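In: One predicted model, sequence on top.
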There are 2 protein chains.
Amino acid sequence: MVKAELAPARDNQTNRESIYDKGIVSDPLPRPNLLITTDVVDPGSIRALSRYARVFSSTVLDEASLSQLLPSIDILLVFFWPSFLTLENLSRMSNLRLIQSILAGVNHIPFAQLDKKVVVCSNAGAYSDEVAEYAWSLLLSAAKRIVDFHNAVKTDQWTLRRTLGGREVTIMEEKTLGILGYGGIGSAVARIGKGFMVKIYAFSRKPVREKGVRSFQGDKGLLRVLAQSDAVMVSLPLTKFTNKFIGAFELAMMKKDAILVNIARGELVDETALYEHLKTNPEFRYATDVWWYREGKESLKTVNPFFELSNFIGTPHVSGPSGLATGKPVRFAVANVIRFLRGLKPKNVVDPAEYLVTDRQEY
Amino acid sequence: MVKAELAPARDNQTNRESIYDKGIVSDPLPRPNLLITTDVVDPGSIRALSRYARVFSSTVLDEASLSQLLPSIDILLVFFWPSFLTLENLSRMSNLRLIQSILAGVNHIPFAQLDKKVVVCSNAGAYSDEVAEYAWSLLLSAAKRIVDFHNAVKTDQWTLRRTLGGREVTIMEEKTLGILGYGGIGSAVARIGKGFMVKIYAFSRKPVREKGVRSFQGDKGLLRVLAQSDAVMVSLPLTKFTNKFIGAFELAMMKKDAILVNIARGELVDETALYEHLKTNPEFRYATDVWWYREGKESLKTVNPFFELSNFIGTPHVSGPSGLATGKPVRFAVANVIRFLRGLKPKNVVDPAEYLVTDRQEY
């Protein structure tokens, strides 16, 4: 088991002195055991965590050692939910007190199987700037019909019209951008929107008090945002309350030529209602980086043939990974685990009641 | 000829009283003759012009009437250069004093055939906000590889990789955006860039004194902008000095994974040098809305097969037309003609010497 520990100076039970302890004057209590279930955590972060915890990695442990270790684990640092953490294995983790997600959302966590004492932290905010950039790239691609135009020229379906009307293209300036869910991503989308001189309508649980942002709450607020926005950005977490948040009714409330962008989770939008809406309203556009679930996992295979429609843009969930590549999400998650280890209240604690769904979805 | 005049109340030589004169106390001098050679000018603008000039439209005149009219025309308001204004016809326009373009650029004007007394005005600035929005949509589409990703998913060439690196996607935050040509479009691109928290390097003839913008001039300045920028936006006018402004040498100076965006004129970039560069540097990306000239006219047909490359995005020159659709460019051009008619110095007067090229290009 010792070989699986990641602190370069080994810190097993018989030799608790490590180079990372040197700055600590006294360390009378045994340090908590932390299991990292992904290889995306960098050595620097592992060293930082090792000052406060005994750090193990599931990626270098064999099945038997891992099984033996689980009951002693206090903290889990996860990316995707690891397949070895079956319900049976999870039930043996009686010491577990904290699960920190490196993914922004936590809809991959099996809340129904967790003891009440387990605190679950999302990684909200860690990807905000990168995902907001991506969100604007989807919004503008749809507004200017970049994919459609590029493919039309590519396949010789376009003759340069010397007096093209130009009305196919949506100008965002002075238009209204509705943002559903005004967390880290939503507010970063709004910040970027100021440069484009759009009006920002924010729909959120708590009122937003921010210059240049109109704040809406509740069902009536949602309807006003949907009806008055020229583009709507979905940046909500996927919970049991937000599943199929945008259905046939909500789509019908929107402007006929509105643009809907989803950079949160596919399941927030009702797939078949969306398909029907896109088909009957060719001026309406949907641009997404996130996909619906099949057998509990996000899948690029859809029930409806979206790619036959020129008012659909779909990319293969790269907005989050592009943020991950910056190293920021790992640093955010690790810093939050360290807060917990130092006895401080961790950030981004989620309410398990919102995620208790029977058909849990991964990623 | 009278029927061709566009002022609803006829204002021919025998009856100079029109509803538009009512606000003018005295009008002893004959008003100048203005010929509009396009149908994009709205009735409201024509009424406004009719207060100061006798307004004719070539689109409703037969050939004989038009030919008879030309020697008396003082002012031309043009969109594309009209085919009836051959060199022979132009040589008969001895009264001509002003040509106002509704297109932003004036590289379609036959400067070599114009008398020195003719003032030519571009429509710089009239499309700035709309083209800057479009420019950002091209930049972000290239940065996030939207077209490439969409088409890959569409053609089943993408399997959702659950631990995608995300490094294929360029994050713009904290990166450097070089802007070549800091006029109306360039400065609007910079304004939007602030929301994305990019560093702005402006290359221009005159120094730019603007908060958050680093200003560069001359050959050395250009090289620094090219070498240090993660993305370069071309927003220069096409003149005899800027033809093939970006060639093999300039491309070689840029970062291997840089993004080059062209929303100005195709000819600013050397076509074959660009193709070779894109082919040998798959991380380099080019996104354009503007195309090279064939027989004096912009054409979507290229010598090199750009659409075979996944690091090329091309749209069929819709950025300007999208601005035209707002009505703003016509209002700008008309307001400038009215300045001239009121005896004020018109804006956007261009230096003919910069446009005296043997192979004049249209559009």
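Out: Thanks, I have it.

In: Show me the strands in the stretch 101-250 of chain A, by range?
Out: A:119-121, A:176-180, A:199-203, A:213-216, A:231-234 (DSSP state E, counting those that start in this stretch).

In: With mean neighbour count and distance to residue B:327 as extra columns, can I get those in TSV?
Out: All C-beta atoms are positioned from the backbone trio N, CA, C, and that covers glycine. Supplementary listing: those in TSV, determined by neighbours: other Cβ atoms under 10 Å in any protein chain shown; distance: least, Cβ to Cβ, whole Å:
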stretch	mean neighbour count	distance to residue B:327
strand A:119-121	20	52
strand A:176-180	25	20
strand A:199-203	23	20
strand A:213-216	19	27
strand A:231-234	26	21
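
In: Any chance of the ones you listed in CSV with distance to chain B and mean pLDDT as columns?
Out: Below are the strands of the stretch 101-250 of chain A laid out as CSV (distance: least, Cβ to the nearest Cβ, whole Å; pLDDT from 0 to 100):
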stretch, distance to chain B, mean pLDDT
strand A:119-121, 21, 97
strand A:176-180, 12, 98
strand A:199-203, 12, 98
strand A:213-216, 14, 98
strand A:231-234, 12, 98
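
In: and of those, who's closest to residue A:54?
Out: strand A:119-121 (19.3 Å; Cβ to Cβ).

In: gap between that closest one and the chain center?
Out: 15 Å (Cα atoms, centre = their mean, to the nearest Å).

In: Which secondary structure elements does it sit against?
Out: Applying 3 or more Cβ pairs under 8 Å, 6 or more residues apart in numbering or on different chains; DSSP states H and E, one finds that strand A:119-121 makes contact with strand A:98-101, helix A:328-341.

In: quick one: stretch A:116-129 to chain centroid distance?
Out: How far stretch A:116-129 lies from its chain's middle: 10 Å, per Cα atoms, centre = their mean.

In: tell me which residues in that stretch are buried?
Out: A:118, A:119, A:120, A:121, A:122, A:123, A:124, A:125, A:126, A:127, A:128, A:129 (16 or more other Cβ atoms under 10 Å in any protein chain shown).

In: Low-confidence stretches in chain A?
Out: Where chain A drops to pLDDT under 70, the residues are A:1-29, A:159-166, A:357-363.

In: just the helices in it please.
Out: All helices of chain A, identified by DSSP state H, fall at A:43-50, A:63-69, A:87-91, A:128-143, A:146-154, A:184-195, A:218-228, A:248-253, A:271-280, A:319-324, A:328-341.

In: Tell me which of those lies nearest to residue B:65.
Out: helix A:146-154 (39.8 Å).

In: Off-centre distance for the closest one?
Out: The answer for helix A:146-154 is 30 Å, by Cα atoms, centre = their mean.

In: Can you show me the CA trace of that helix as CSV?
Out: Provided in CSV are the C-alpha atoms of helix A:146-154 (Å, rounded to 0.1, in the frame of the first residue of the first chain):
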residue,chain,number,x,y,z
ILE,A,146,-20.7,30.5,-39.2
VAL,A,147,-21.0,26.8,-39.5
ASP,A,148,-23.9,26.9,-42.0
PHE,A,149,-22.2,29.5,-44.2
HIS,A,150,-18.8,27.7,-44.1
ASN,A,151,-20.4,24.5,-45.2
ALA,A,152,-22.4,26.2,-47.9
VAL,A,153,-19.4,27.7,-49.4
LYS,A,154,-17.4,24.5,-49.0
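
In: what's in contact with it?
Out: Residues from elsewhere that reach helix A:146-154 (Cβ atoms under 8 Å, 6 or more residues apart in numbering or on different chains): A:140-141, A:157-158, A:310-311, A:313, B:137-138, B:141, B:146-147, B:150-151, B:300, B:307, B:313-316, B:318.

In: Quick check on those: which are buried?
Out: Applying 16+ other Cβ under 10 Å to these, the neighbour count classes A:140-141, A:158, A:311, A:313, B:137-138, B:141, B:146-147, B:150-151, B:300, B:307, B:313-316, B:318 as buried.

In: I'd assumed residue A:318 was in contact with residue A:288.
Out: No: counting by Cβ atoms under 8 Å, residue A:288 does not reach residue A:318; the two are 11.6 Å apart.

In: just the residues of the stretch 251-363 of chain A that are near chain B, which are they?
Out: With Cβ under 8 Å from any Cβ of the partner chain as the criterion, the stretch 251-363 of chain A meets chain B at residues A:291, A:298-300, A:307, A:313-326, A:363.

In: could you redo the last one with a cut-off of 10 Å?
Out: Residues of the stretch 251-363 of chain A lying close to chain B by Cβ under 10 Å from any Cβ of the partner chain are A:287, A:289, A:291, A:297-302, A:306-308, A:312-326, A:328, A:362-363.

In: Now list the buried members of these.
Out: Among these, those classed as buried by neighbour count (16+ other Cβ under 10 Å) are A:287, A:289, A:291, A:298, A:300, A:302, A:306-307, A:312-326, A:328, A:362-363.

In: What is the neighbour count of the nearest residue to residue A:87 once chain neighbours are set aside?
Out: Nearest residue to residue A:87 in three dimensions, chain neighbours excluded: residue A:113, at 5.3 Å (Cβ to Cβ, 6 or more residues apart in numbering or on different chains). A total of 15 residues lie near residue A:113 under the criterion other Cβ atoms under 10 Å in any protein chain shown.

In: Who are the contact partners of residue A:113?
Out: With contacts defined as Cβ atoms under 10 Å, 6 or more residues apart in numbering or on different chains, residue A:113 is in contact with A:85, A:86, A:87, A:88, A:90, A:91, A:93, A:360.

In: Give the burial count for the second one, as a bare number.
Out: Going back to what we said before, that points to residue A:86. A count of nearby residues for residue A:86, using other Cβ under 10 Å, gives 12.

In: Also the one 5 residues further on?
Out: Residues near residue A:91, counting by other Cβ under 10 Å, number 11.

In: do you know how far it is from chain B?
Out: 25 Å (Cβ to the nearest Cβ, to the nearest Å).

In: Quick check: closest non-adjacent residue to that residue.
Out: Nearest to residue A:91 is residue A:113, by Cβ to Cβ, 6+ apart, at 7.1 Å.

In: Now do that neighbour against residue A:86, distance only.
Out: In this view, residue A:113 and residue A:86 are 10 Å apart by Cβ to Cβ, to the nearest Å.

In: returning to that earlier point: need the helices of chain A in TSV with distance to residue B:68, can you?
Out: Shown next, in TSV, are these (distance: least, Cβ to Cβ, whole Å):
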stretch	distance to residue B:68
helix A:43-50	83
helix A:63-69	95
helix A:87-91	92
helix A:128-143	47
helix A:146-154	43
helix A:184-195	52
helix A:218-228	54
helix A:248-253	59
helix A:271-280	54
helix A:319-324	63
helix A:328-341	72
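
In: among those, which is the most enclosed?
Out: Stretch with highest mean neighbour count among the helices of chain A: helix A:128-143 (a mean of 27; mean count of other Cβ atoms under 10 Å in any protein chain shown).

In: That one and chain B, are they touching?
Out: Yes: against chain B, helix A:128-143 shows contacts by Cβ under 10 Å from any Cβ at A:129-130, A:132-143.

In: circling back to that earlier point, kindly reformat the helices and strands packed on strand A:119-121 as JSON lines and extend each row with distance to residue B:169.
Out: Formatted as JSON lines, those follow (distance: least, Cβ to Cβ, whole Å):
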{"stretch": "strand A:98-101", "distance to residue B:169": "21"}
{"stretch": "helix A:328-341", "distance to residue B:169": "14"}
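
In: so which of these gets nearest residue B:275?
Out: helix A:328-341 (36.4 Å).

In: how much does that closest one deviate in direction from helix A:43-50?
Out: 10 degrees (axes from the mean of the first three to the mean of the last three Cα atoms, to 10 degrees).

In: what's the angle from helix A:328-341 to helix A:128-143?
Out: Angle of helix A:328-341 versus helix A:128-143, following the same axes, to 10 degrees, is 140 degrees.

In: what's helix A:328-341 packed up against?
Out: Other helices and strands packing on helix A:328-341, by 3 or more Cβ pairs under 10 Å, 6 or more residues apart in numbering or on different chains; DSSP states H and E, are strand A:33-36, helix A:43-50, strand A:75-78, strand A:98-101, strand A:119-121, helix A:128-143, helix A:319-324.
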